[in-house]
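Undergrad: let me see the structure of the following:
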Amino acid sequence: MNAKTEPGSSVLDNLKLMLAGAIVISGIVAFYYFPEQSVLIRTGGVIAATALGIFVAMQTTQGRELWHFIQGSRVELRKVVWPNRQETLQTTMAVIVFAIIMGVFFWLLDMLLLWITKSLTGQGV
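TA: Numbers count the residues shown, from 1 in each chain. Presented below is the predicted three-dimensional model:
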């Protein structure tokens with residue numbers, strides 16, 4: 001079912017997406033409309049409405065494309081080479097040391113510019 005070959009599928013997909021949004025919104029509205037019910041029951045209703053909304057949205061072309069993208073992302077995530085503990089500690093220490101050096105540099109630069117400004121305006125005398 002390709003949206004480009006079937007002109008009615010995009011309208012149907014839009015209706016499904018609106019229905020999914022309406023289901024989620026109705027779950028949230030119901031949460032606040034029934035304050036006398038237990039919070040656990042109301043929260044379960046919101047979770048159920050959200051799950052149903054996601055299920056309806058996943059039946060659209062955009063939902064299927066999103067699912068394929070998520071699966072492809074998981075495959076790519078498995079290809080990532082994560083640093084070991086030693087590399088992580090070394091990188092962290094390099095960032096901390098550089099941040100301290102830059103902090104001291106900008107503090108000294110600020111003090112110099114403050115001294116120059118006070119000297120030029122006559123407030124530092």
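Undergrad: domain-wise, how is the chain divided?
TA: Annotated domains of the chain cover 7-78, 83-125 [automatic domain parsing].
Undergrad: would you mind finding the most buried of these?
TA: By mean neighbour count, with neighbours taken as mean count of other Cβ atoms under 10 Å, domain 7-78 ranks first of the domains of the chain at a mean of 13. C-beta here means a position set from N, CA and C on the backbone, and glycine is covered the same way.
Undergrad: wait, residue 48 touches residue 26, no?
TA: No. Using Cβ atoms under 8 Å as the test, residue 48 is too far from residue 26 to be in contact (11.0 Å).
Undergrad: so residue 22 versus residue 110, what's the distance?
TA: As judged by Cβ to Cβ, to the nearest Å, residue 22 and residue 110 stand 56 Å apart.
Undergrad: swap that for residue 75, please
TA: Residue 75 is 49 Å from residue 110, by Cβ to Cβ.
Undergrad: and the helices in this structure, which stretches?
TA: 7-33, 39-57, 61-78, 85-121 (DSSP state H).
Undergrad: pipe the ones you listed into TSV and attach mean pLDDT per row.
TA: Listed next are the helices of the chain as TSV, based on pLDDT from 0 to 100:
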stretch	mean pLDDT
helix 7-33	90
helix 39-57	95
helix 61-78	93
helix 85-121	96
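Undergrad: got the CA positions of stretch 39-48 in CSV?
TA: What follows is stretch 39-48 as a C-alpha-only set of coordinates in CSV (Å, rounded to 0.1, in the frame of the first residue of the first chain):
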residue,chain,number,x,y,z
VAL,A,39,-5.2,7.8,40.5
LEU,A,40,-4.0,4.3,39.7
ILE,A,41,-7.1,3.7,37.5
ARG,A,42,-6.9,7.1,35.8
THR,A,43,-3.2,6.6,35.1
GLY,A,44,-3.9,3.2,33.7
GLY,A,45,-6.5,4.7,31.4
VAL,A,46,-4.1,7.3,30.1
ILE,A,47,-1.5,4.6,29.5
ALA,A,48,-4.1,2.4,27.7
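Undergrad: cool, thanks, talk later.
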